[in-house]
Every structure is written in C-alpha cells, then in structure tokens.
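Sequence and computational prediction follow.
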Amino acid sequence: MGVLVTPDVRYHASWIVGTAEFAGQHLDGAGVEHPDVPALMHPEAFAALVARLRADALEESPRPEGWVPATALWIVHDDEFVGFLQIRHRLTPFLLEEGGHIGYSIRPSARRRGHATEALRAALPIARALGIERVLVTCDEDNIGSRTVIERVGGVYEDSRNGKRRYWIDTA
Ligand SMILES: CC(C)(COP(=O)(O)OP(=O)(O)OC[C@H]1O[C@@H](n2cnc3c(N)ncnc32)[C@H](O)[C@@H]1OP(=O)(O)O)[C@@H](O)C(=O)NCCC(=O)NCCS
C-alpha cells in the first residue's frame, strides 16, 4: 500500500512516467498545473520543482495573490510515485466554497487499488499537525470515485455548492 512522502528527487523516474499518464486529463485539486513533463526530465529542472513544492509549505514563500501555503505530498507504492496530494493550510473564500483543504490525484495506471483512500486517511494526522481540526474535502457531483473515497474515510456531507459536494472530516 502507498504512503505519503515529501517530494524528493529520488522519485524522478517514476514521477516522469506517472505524470505523463495524466496528459489530457485533469489533475483535479492536486495543486499541480499541467507540469511540463519533457522539461522536467532534466535533473536540475526537477530538483527546482521539488524545492518549489517543499517551499510552498512555508508562509514566507512567494505565491499568487490570494493563495495560501500548502503542503505538497506524493503518494508512493513500492518506492514508486503513484499520485499527488496537497493540503492547503487554511481556507480562502474560494476554498471554503469549492476547493477544500485537501486535493489528490492518482496516476491512471494505479487507480482502483485503494491508494486515494489510504492517502486521504494518512493525510488527516498531517493536517492535524498543521493545526486543522476539521478538513473540508470536496468533489464534483459526478466524481463517483472521489465521492466514495471521501465517504469511506468518514467524510460528513454538508451541502453542494457550484456542483461540488462538500464534506468535513475530523482530524482528531
Ligand atoms: C478519484 C481518484 C482520486 C480515485 O483514486 P483511486 O486510488 O482509484 O481510489 P480508490 O482505489 O481508493 O477507490 C476507492 C473506491 O472508490 C470507488 N471508485 C474509485 N474510482 C472509481 C471510478 N472511476 N468509478 C466508480 N467507482 C470508483 C470504488 O468503489 C473504489 O473501491 P473498489 O475499487 O474497492 O471498488 C482517481 O480516480 C483520480 O485521481 N481521478 C482524477 C482526479 C480526481 O478526480 N481527483 C479527486 C478530486 S476531488
């Protein structure tokens, strides 16, 4: 089963192959904006991405206006990258309505093996350590996979806003 790890250059090879699988797909909520996979094959470029992801957890790091610090994590299985998970440290008005605290994506070839369920469960104590007592997790109304994941991990449905189902999960 998978574990959550801090981004690290040691996952370069499987990250490249895994991320390329997302081509043409959305990386919904995972905090990754269509990475330039060919450019990131260069070790220096990849190391810079890793450094940027790690720095994004720090309050003082530069980020677009209105964005909040976020902890970027990778989901690994058998020492290979299988997906992304991101924990936003606090809610903005947009995150409260739609985005939630936590987003994740599993590489297509590794889906339906329980990775998202396990990763979301493993993210809860990490969120707790960040001072978040209740996480908001959202999914599109028609995202049956993500909805099942959230409900399996104990998400309590509050309501739907703008086509997003909104769930709260206690991190204690
Ligand atoms: C949604 C997503 C994260 C699920 O990841 P996953 O690792 O495949 O999920 P799990 O294996 O933990 O699935 C748990 C359960 O959800 C249900 N499920 C998952 N994907 C499903 C799908 N495509 N259709 C129907 N049910 C699905 C199943 O009941 C599954 O359990 P089972 O395989 O024992 O039947 C993954 O499909 C993904 O990355 N999608 C694109 C990005 C995305 O939607 N992210 C979530 C944003 S809120």
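On my side now, so go ahead.

for the ligand, what are the nearby residues on this structure?
Listed as neighbours of the ligand in the chain under the rule CB under 6 Å from any ligand atom: 28-29, 103-106, 111-117, 139, 143-146, 148-149. C-beta here means a position set from N, CA and C on the backbone, and glycine is covered the same way.

Tell me which helix or strand the residue in the chain positioned nearest to the ligand sits in.
Per CB to the nearest ligand atom, Gly145 is where the chain lies closest to the ligand, at 2.6 Å. Here Gly145, judged by DSSP states H and E, is contained in helix 144-152.

other SSEs contacting the helix or strand following that helix?
Using DSSP H and E, the helix or strand that follows helix 144-152 towards the C-terminus is strand 156-161. Applying 3 or more CB pairs under 8 Å, 6 or more residues apart in numbering; DSSP states H and E, we find strand 156-161 packed against strand 164-170.

Would you mark the buried spots in the strand it packs on?
For strand 164-170, the neighbour count (16 or more other CB atoms under 10 Å) marks Lys164, Arg165, Arg166, Tyr167, Trp168, Ile169 as buried.

Can I get these in CSV including pLDDT?
Converted to CSV, the buried residues of strand 164-170 look like this (pLDDT from 0 to 100):
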residue, pLDDT
Lys164, 97
Arg165, 98
Arg166, 98
Tyr167, 98
Trp168, 98
Ile169, 98
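
residue ranges of the helices in the chain, please?
In the chain, the helices defined using DSSP state H lie at 12-20, 43-55, 93-94, 115-129, 144-152.

sorry, back to before: please spell out the PyMOL selection for the buried subset of the residues of the chain next to the ligand.
Of the residues of the chain next to the ligand, the buried ones can be selected in PyMOL as follows, counting by 16+ other CB under 10 Å:
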select buried, resi 29+103+104+105+106+114+115+116+117+139+143+146+149
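
okay, now the residue lying closest to Ser109 once chain neighbours are set aside: neighbour count?
Nearest residue to Ser109 in three dimensions, chain neighbours excluded: Glu21, at 5.9 Å (CB to CB, 6 or more residues apart in numbering). Glu21 has 14 neighbours, counted by other CB atoms under 10 Å.
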